[in-house]
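1. return atomic coordinates for the entry below.
(2 chains)
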Number of protein chains: 2
Amino acid sequence: MLVLRVKACSVNPIDTKVRGGVYDDFANYYEHTPPLPQIIGFDGAGIIEDVGNDAQGFKPGDEIFYAGSPIRHGSNAEYQLVDSRSVAHKPKSLNMVQAASMPLTWTTAWEALVERMEIKEGEKSGILIVNGSGGVGSVASQIARFILKLPVVVTTTSREETTKWSKDLGATHTVNHREDIVKQIKDLQLDPPIKYIFITHTPASKYIVDSAAICAPFGKVCSIVQDKEIPMYGTEWMAKSLTYVWALIGTKPFYHVDVDSHGKILKQLAEWLDEGKVKCHHQQTLPLTLEGLRKGHELLEASGVMGKVGLSVDAGGVEEGKAFM
Amino acid sequence: MLVLRVKACSVNPIDTKVRGGVYDDFANYYEHTPPLPQIIGFDGAGIIEDVGNDAQGFKPGDEIFYAGSPIRHGSNAEYQLVDSRSVAHKPKSLNMVQAASMPLTWTTAWEALVERMEIKEGEKSGILIVNGSGGVGSVASQIARFILKLPVVVTTTSREETTKWSKDLGATHTVNHREDIVKQIKDLQLDPPIKYIFITHTPASKYIVDSAAICAPFGKVCSIVQDKEIPMYGTEWMAKSLTYVWALIGTKPFYHVDVDSHGKILKQLAEWLDEGKVKCHHQQTLPLTLEGLRKGHELLEASGVMGKVGLSVDAGGVEEGKAFM
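-> Numbers count the residues shown, from 1 in each chain, chains lettered A, B, ... in the order given. Have a look, this model is predicted:
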């Protein structure tokens, strides 16, 4: 274990969900998490104050970044206790708030594409990423295009700004999620076709229905968003022998499985960031204060945020926050 | 293509489903299949009468076995046109009706375990197979134990006869599907635990709920039966990042994908049967006549059949049929 002085963190949709009690419906969620009220904040960056005997490779003064585990209290705090297996040294090319914006989204997208959908590097397949300019979408497109080198990476966007940005971050094509996605994909006449779909935005049930028409036979669909309905009946889901899988970054810490993979994923990410192979998707900074957190949650709940909103102990007031960096 | 004189075929649940119009709800099913009335019968064995120019490796007089493609008319017939890519030479150690009982179930189970759930040989994982003594279950247990060499192969059975038979065919443990499966599995304290679940019997929705409690994190559940409800919400499906996938033998012929794999799967099966590595699950024979077919459908619709019911041109009347072999 590591005792950490938190320098920066970021806000993620899971923060607002936990705050709003969404996981009351999530079976066994609270069996794994600390007693309420839980300190939230699921990723961050900071400086090590002290180390436990098991914390190999880390010493006081080291700068690290990490995805906080949902089974412990989070990063919306001055100090945090983190599992040394789930952290890595901060990339040299990023400042603290930039580094703090990457771990939760990157690890989530990595687990979804590489571990759950098992996409292989160099595969001649296409992927569709729902909400390409969101926090997870804007790293998923980079993993798909820059790391896995898929020839076809389609993202959904709607504004001109987000469309351009998603293309900078790996999208080979974009479609507008405010219009008929099935028709737009069909009109693109993609070669190779879409074999993978990554749902990073609600409503999952709508995209599950669309997936049946879009996906190639034996395709795989991964969602990080929950839905009460899984409407596959009466569609081509069975005819095409499609796969549906959830990716939840909490699964490893919840069940104490392969927890050190989180540290390894971030160590590899730090190398790629420093080499310039992938880009940080941090876009705005707020102060790491109660007021800053409130503003951060409001931004996410209003939807439409491009990339990540970070919070830093070094940032000024909320109004100045938006202009930082 | 091959022109075939049908010597034997078998009855499968899909025959009764197609006959009963179940696929009226199966989107696009009839886009792929011949115009109704379709001749059913989805596997068989027979003697080649004539070959097309594309039929490499086969000549008139060859004895073959095959899973018929749902995009063509079936094996409940005197003659049948079959795609040479989806057939293999009949195993020497089996007679025609035994050989005719294997292709649909074996190919279905193979695709489910090896291709869809991607289970690797020698994996230290457990599997649960629902309806271990059914046509698909009784070959799936053999694939799991004798080919993939999984250390834990649990099947569901209920009668003493089917329990013993399933253990002969690879089950290391059995649980009673008329009682609480989740509790029985928990009581077995399996090591390794169940990572894979293969649903070969209705109601899929019940087993989908049970799977959430039974499956290890990152486990995979494969079903060959359809259901209107996919009740995952409020369970551990998302907490464990589980995978749900359908296996349908029709996907390859429907979408013209990898059709020659069906012939390769059967060629390998014939070798394993002749080596004694796997056993034929054929149990009863009826005459391949209208009366025999009616009786075969009645047996399947009454449920509880152990292994496969075959139909042979060499069998006697329906009453004697049950005593054949």
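2. A:Arg85 belongs to a strand?
-> No. A:Arg85 is assigned helix when assessed by DSSP: H, G, I helix; E, B strand; the rest coil, not a strand.
3. the nearest residue to it once chain neighbours are set aside: neighbouring residues, count only.
-> Closest residue to A:Arg85 apart from its sequence neighbours, by CB to CB, 6 or more residues apart in numbering or on different chains: A:Asp260 at 4.1 Å. Yep, even glycine has a C-beta here, placed from its N, CA and C like the rest. As a burial measure, A:Asp260 scores 12 neighbours (other CB atoms under 10 Å in any protein chain shown).
4. can you pull out the helices in the stretch 201-325 of chain A?
-> All helices of the stretch 201-325 of chain A, identified by DSSP state H, counting those that start in this stretch, fall at A:204-214, A:251-255, A:260-275, A:290-302, A:318-321.
5. go on, the stretch 51-200 of chain A?
-> A:96-100, A:103-110, A:137-142, A:160-168, A:181-188.
6. identify whichever of those lies nearest to B:Tyr207.
-> Shortest distance between B:Tyr207 and these, using CB to CB, is found for helix A:103-110: 28.6 Å.
7. quick one, the closest one and helix A:260-275 angle?
-> On the basis of axes from the mean of the first three to the mean of the last three CA atoms, to 10 degrees, helix A:103-110 is oriented at 100 degrees to helix A:260-275.
8. gap between helix A:103-110 and the chain center?
-> Centroid separation between helix A:103-110 and its chain, computed with CA atoms, centre = their mean, to the nearest Å, is 4 Å.
9. same deal with stretch A:149-163?
-> 16 Å.
10. again, but for stretch A:104-115
-> On CA atoms, centre = their mean, the centre of stretch A:104-115 falls 7 Å from that of its chain.
11. residue of the stretch 51-200 of chain A with the smallest distance to chain B?
-> Relative to chain B, the nearest point of the stretch 51-200 of chain A is A:Arg116 (6.4 Å; CB to the nearest CB).
12. quick one, what contacts that residue?
-> By CB atoms under 8 Å, 6 or more residues apart in numbering or on different chains, the residues touching A:Arg116 are A:222, A:245-247, B:218, B:241, B:243.
13. and the residues you listed, which is closest to A:Gly276?
-> Distances from A:Gly276 to the contacts of A:Arg116, taken by CB to CB, are shortest for A:Ala247, at 26.7 Å.
14. quick check: that closest one touching A:Val225?
-> No. Contact criterion CB atoms under 8 Å: A:Ala247 and A:Val225 do not qualify, at 10.2 Å.
15. count of neighbours near the closest residue to A:Ala315 other than its chain neighbours?
-> Nearest residue to A:Ala315 in three dimensions, chain neighbours excluded: A:Pro287, at 4.3 Å (CB to CB, 6+ apart). For A:Pro287, the tally of surrounding residues (other CB under 10 Å) stands at 21.
16. distance-wise, check A:Pro287 relative to chain B.
-> 33 Å (CB to the nearest CB, to the nearest Å).
17. what do you get for A:Lys279?
-> 27 Å.
18. quick check: the residue nearest to A:Ala315 vs B:Glu291, distance?
-> 83 Å (CB to CB, to the nearest Å).
19. do the same with A:Lys186
-> 49 Å.
20. now A:Arg145
-> Where B:Glu291 is concerned, A:Arg145 sits at a distance of 62 Å (CB to CB).
21. neighbour-wise, which of these two wins?
-> Regarding A:Arg145 and B:Glu291, a neighbour count based on other CB under 10 Å identifies A:Arg145 as having more, with 21 against 12.
22. got a pLDDT number for the more buried one?
-> pLDDT for A:Arg145: 98.
23. how about A:Val18?
-> pLDDT at A:Val18 comes out at 86.
24. pretty sure it contacts A:Gly41?
-> No. A:Val18 is beyond contact range of A:Gly41, at 9.8 Å (criterion: CB under 8 Å).
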